[in-house]
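**Q** what shape does this take:
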Amino acid sequence: MKFTLLKEDAYSKARLGEMETAHGKIKTPIFMPVGTVGTVKGIHQHELIEDTLAQIILGNTYHLYLRPGLDIIEGAGGLHKFIGWDKPLLTDSGGYQVYSLSGRRKITEKGVKFQSHIDGSSHFFTPEYAIDIQRTIGADIIMAFDECTPYPCEYEYAKESMHMTHRWLKRCCDRFDITEGKYGYEQTFFPIVQGSVYKDLRLQSAEKIASFERDGNAIGGLSVGEPHDMMYEMTDIVCLILPWNKPRYLMGVGTPSNLLENIALGIDMFDCVMPTRNARNGMLFTSEGTMNMKNRKWADDYSPLDPNGTSFVDNTYTKAYVRHLFTNNELLAKQIATLHNIRFYLWLMEQAQEQLEAGTFTAWKNQMVKKLDVRL
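**A** Numbers count the residues shown, from 1 in each chain. Take a look at the predicted model:
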């Protein structure tokens with residue numbers, strides 16, 4: 001992978017960049033729609049490309065390992081071919097999903113034993129096996145196996161967890177370095193900064209992660225319930241340490257305003273289930289704020305979903321029609337809402353890129369964040 005910094009903002013730490021992978025280029029800052037089991041729920045791959053203009057999507061190691069299983073994915077020639085997606089892919093390592101299985105897993109120095117949420121069967125992930133799995137899945141960017149601590153989290157637990165994550169990282173790197181991709185192209189490996197919401201731990205972790213000198217770095221363990229200001233503080237601290245000339249990926253974040261604020265702190269990459277999950281529940285993001293499409297107020301509103309034209313569906317479907325579909329529990333409601341929200345998130349990234357190019361990012365960002373969290 002090659003990362004090129006194209007421009008830096010004069011009034012913040014925001015950056016305009018470009019990543020080049022085996023499956024294409026990605027302009028940053030970028031948001032990655034989450035395709036947990038090889039699909040962004042409810043929409044086709046061609047819609048992701050043609051309608052939302054997605055450049056890269058994310059797959060989930062834990063879920064893909066359980067279903068369809070590694071044999072099926074490898075038999076297809078990797079996840080790209082299995083799902084019919086010829087653009088870049090990123091996989092997480094399964095660490096966050098193991099974290100979420102709090103009642104079904106046991107963490108030791110060697111790895112994590114857990115029970116499948118599907119059938120209760122037992123499985124064991126080590127750092128080495130997490131790399132092997134991601135080699136088989138075949139994503140362009142793969143992640144270190146780490147422990148994601150909850151919020152709130154006691155200092156001593158966060159400290160021990162962070163050090164174990166660092167030891168696991170060494171094992172991940174060793175495994176990555178002695179193995180090769182299975183499908184004729186190179187993969188890129190990102191370590192993950194941990195340390196909960198403790199400034200000294202985040203500094204230690206960022207310094208340790210940077211010392212491995214990988215092609216990109218990620219920040220984990222945020223957006224797990226902590227206040228947004230605390231998230232921004234931790235991100236700011238970490239970005240002061242992580243190399244400026246390598247991409248920085250903030251995992252699992254977040255709301256539209258979260259994205260803009262974190263771009264201003266130096267983040268280049270994001271992923272989150274929020275736009276798709278909220279869409280299925282009738283919550284749409286727009287350039288003027290958020291809308292609950294199940295509300296009665298939209299029943300006779302024949303205006304576009306977003307007045308600024310951020311959605312491919314704006315010239316086709318009105319608020320009244322989409323509200324009608326949700327009222328009748330039509331599947332098309334969720335599909336339209338999902339496409340709209342993903343397109344909005346990617347439109348927001350495109351706007352950020354344009355503002356960075358023009359040198360007007362900070363003023364634009366400050367104006368946008370005032371509107372994005374408004375409930376319409």
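**Q** drop to CA atoms for contacts and neighbour counts, all remaining ones
**A** Will do.
**Q** let me see the contact set for Thr290.
**A** Met283, Leu284, Leu372, Asp373, Val374, Arg375, Leu376 (CA atoms under 8 Å, 6 or more residues apart in numbering).
**Q** now do 6 Å
**A** Applying CA atoms under 6 Å, 6 or more residues apart in numbering to Thr290 gives the contacts Leu284, Arg375, Leu376.
**Q** partner residues bridging it?
**A** Taking DSSP bridges as the rule, Thr290 bridges to Phe285, Arg375.
**Q** returning to what we had before: now the buried members of the contacts of Thr290.
**A** Buried members of these, scored by 16 or more other CA atoms under 10 Å, are Leu284.
**Q** residue with max distance from the center of the protein?
**A** Asp300 (35.7 Å; CA atoms, centre = their mean).
**Q** run a quick neighbour tally on the residue lying closest to it once chain neighbours are set aside.
**A** Closest residue to Asp300 apart from its sequence neighbours, by CA to CA, 6 or more residues apart in numbering: Ala320 at 5.3 Å. Residues contacting Ala320 under the criterion other CA atoms under 10 Å number 20.
**Q** past the helix or strand where Ala320 lies, which element shows up next along the chain?
**A** Assessed by DSSP states H and E, Ala320 sits inside helix 319-327. Downstream of helix 319-327, the next assigned helix or strand under DSSP H and E is helix 331-358.
**Q** tell me what angle that following helix forms with helix 319-327.
**A** 130 degrees (axes from the mean of the first three to the mean of the last three CA atoms, to 10 degrees).
**Q** list the buried residues of helix 331-358.
**A** The neighbour-count check on helix 331-358 (16+ other CA under 10 Å) flags 333-353, 355-357 as buried.
**Q** with stretch 197-211 instead?
**A** Neighbour-count burial for stretch 197-211, counted by 16+ other CA under 10 Å, picks out Val197, Tyr198, Leu201, Arg202, Leu203, Gln204, Ser205, Ala206, Glu207, Lys208, Ile209, Ala210.
**Q** which non-adjacent residue is nearest the second one?
**A** Okay, so that is Tyr198. Nearest residue to Tyr198, sequence neighbours excluded (CA to CA, 6+ apart): Tyr155, at 7.4 Å.
**Q** the most centrally placed residue in the chain and Gly184: what is the separation?
**A** Centroid-nearest residue in the chain, with CA atoms, centre = their mean: Asp271, separated by 1.6 Å. Distance of Asp271 to Gly184, given as CA to CA, to the nearest Å: 27 Å.
**Q** do the same with Val369
**A** Val369 sits 43 Å away from Gly184, going by CA to CA.
**Q** looking at those two, which one has more neighbours?
**A** When neighbours are counted by other CA under 10 Å, Val369 and Gly184 differ, and Val369 comes out ahead with 19 against 9.
**Q** pull the distance from the one helix or strand in the chain whose mean pLDDT sits lowest to the chain's centre.
**A** Using mean pLDDT, DSSP states H and E, helix 95-100 stands out as the lowest-scoring helix or strand of the chain, at a mean of 72. The chain centroid and the centroid of helix 95-100 are separated by 15 Å under CA atoms, centre = their mean, to the nearest Å.
**Q** what lies in contact with it?
**A** With CA under 6 Å, 6+ apart, helix 95-100 has contacts from Phe145, Asp146, Glu147, Cys148.
**Q** now those residues in a markdown table, with pLDDT, secondary structure and neighbour count?
**A** Below are those laid out as a markdown table (pLDDT from 0 to 100; DSSP: H, G, I helix; E, B strand; the rest coil; neighbours: other CA atoms under 10 Å):
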| residue | pLDDT | secondary structure | neighbour count |
| --- | --- | --- | --- |
| Phe145 | 96 | coil | 28 |
| Asp146 | 95 | coil | 31 |
| Glu147 | 91 | coil | 28 |
| Cys148 | 89 | coil | 25 |
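**Q** JSON lines for those residues, including distance to Gly254?
**A** Listed next are the contacts of helix 95-100 as JSON lines, based on distance: CA to CA, whole Å:
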{"residue": "Phe145", "distance to Gly254": "21"}
{"residue": "Asp146", "distance to Gly254": "20"}
{"residue": "Glu147", "distance to Gly254": "20"}
{"residue": "Cys148", "distance to Gly254": "17"}
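**Q** name the nearest of these relative to Val37.
**A** Using CA to CA, Phe145 comes nearest to Val37 of the contacts of helix 95-100, at 18.5 Å.
**Q** residues contacting the closest one?
**A** Applying CA under 6 Å, 6+ apart, we find Phe145 in contact with Ser93, Gly95, Pro127.
**Q** quick one, domains of the protein?
**A** Domain assignment for the chain by automatic domain parsing gives 2-272, 280-372.
**Q** ends of the last one, how far apart?
**A** Meaning domain 280-372. 19 Å.
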